[in-house]
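Trainee: Got a sequence here, can you model it:
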Amino acid sequence: MSVNPDLLREKLTAEIGAIHVDVEDTSPNRCAASFKVLVVSPQFEGKPLLQRHRMVNNCLAEELKEIHAFEQKTLTPEQWEKQKAQ
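Mentor: Alright, predicted model coming up:
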């Protein structure tokens, strides 16, 4: 399996109900070894940051085996709207 931004975006949308996903390949030469993601999902409502990150990690468990570095930011739709307004 080749990990790429589209695959990560599709899995997060399907499995976590994400309404917005930004995926950036941050590895040198864009070789898909390092990613930065922003995930916005109503399923994060009422959950602490650690639980949100575990949800993302569980969703991408197979893909994370092939990724060297993974940075994530998880927001609820309300937090996302507030951030966009700033």
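
Trainee: Where does the prediction get shaky in the chain?
Mentor: 1, 30 (pLDDT under 70).

Trainee: quick one: buried residues of stretch 76-86?
Mentor: Neighbour-count burial for stretch 76-86 flags 76, 80 (criterion: 16 or more other C-beta atoms under 10 Å). Every residue, glycine included, has its C-beta placed from N, CA and C.

Trainee: Need the CA coordinates for that stretch. CSV is fine.
Mentor: Extracted in CSV, the C-alpha atoms of stretch 76-86 (Å, rounded to 0.1, in the frame of the first residue of the first chain):
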residue,chain,number,x,y,z
THR,A,76,-14.6,20.2,16.3
PRO,A,77,-16.7,22.1,13.7
GLU,A,78,-17.2,24.9,16.2
GLN,A,79,-13.5,25.3,16.9
TRP,A,80,-12.8,25.2,13.2
GLU,A,81,-15.2,28.1,12.6
LYS,A,82,-13.7,30.1,15.4
GLN,A,83,-10.2,29.5,14.0
LYS,A,84,-11.2,30.5,10.5
ALA,A,85,-12.7,33.7,11.8
GLN,A,86,-9.4,34.8,13.3
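
Trainee: all helices for this structure, in order.
Mentor: Counting by DSSP state H, the chain has these helices, from start to end: 5-16, 49-59, 61-64, 77-85.

Trainee: Surely residue 71 is in contact with residue 26?
Mentor: Yes - using C-beta atoms under 8 Å, residue 71 makes contact with residue 26 at a distance of 7.4 Å.

Trainee: any shared contact partners between those two?
Mentor: 35, 36 (C-beta atoms under 8 Å, 6 or more residues apart in numbering).

Trainee: circling back to that earlier point, to residue 40, which of the helices of the chain lies closest?
Mentor: helix 77-85 (4.4 Å; C-beta to C-beta).

Trainee: name the helices or strands packed onto the closest one?
Mentor: Here helix 77-85 touches strand 34-40, going by 3 or more C-beta pairs under 8 Å, 6 or more residues apart in numbering; DSSP states H and E.

Trainee: Pull the residues that contact the strand it packs on.
Mentor: Residues outside strand 34-40 that contact it (C-beta under 8 Å, 6+ apart): 3, 5, 8, 12, 16, 18-27, 56, 67-77, 79-80.
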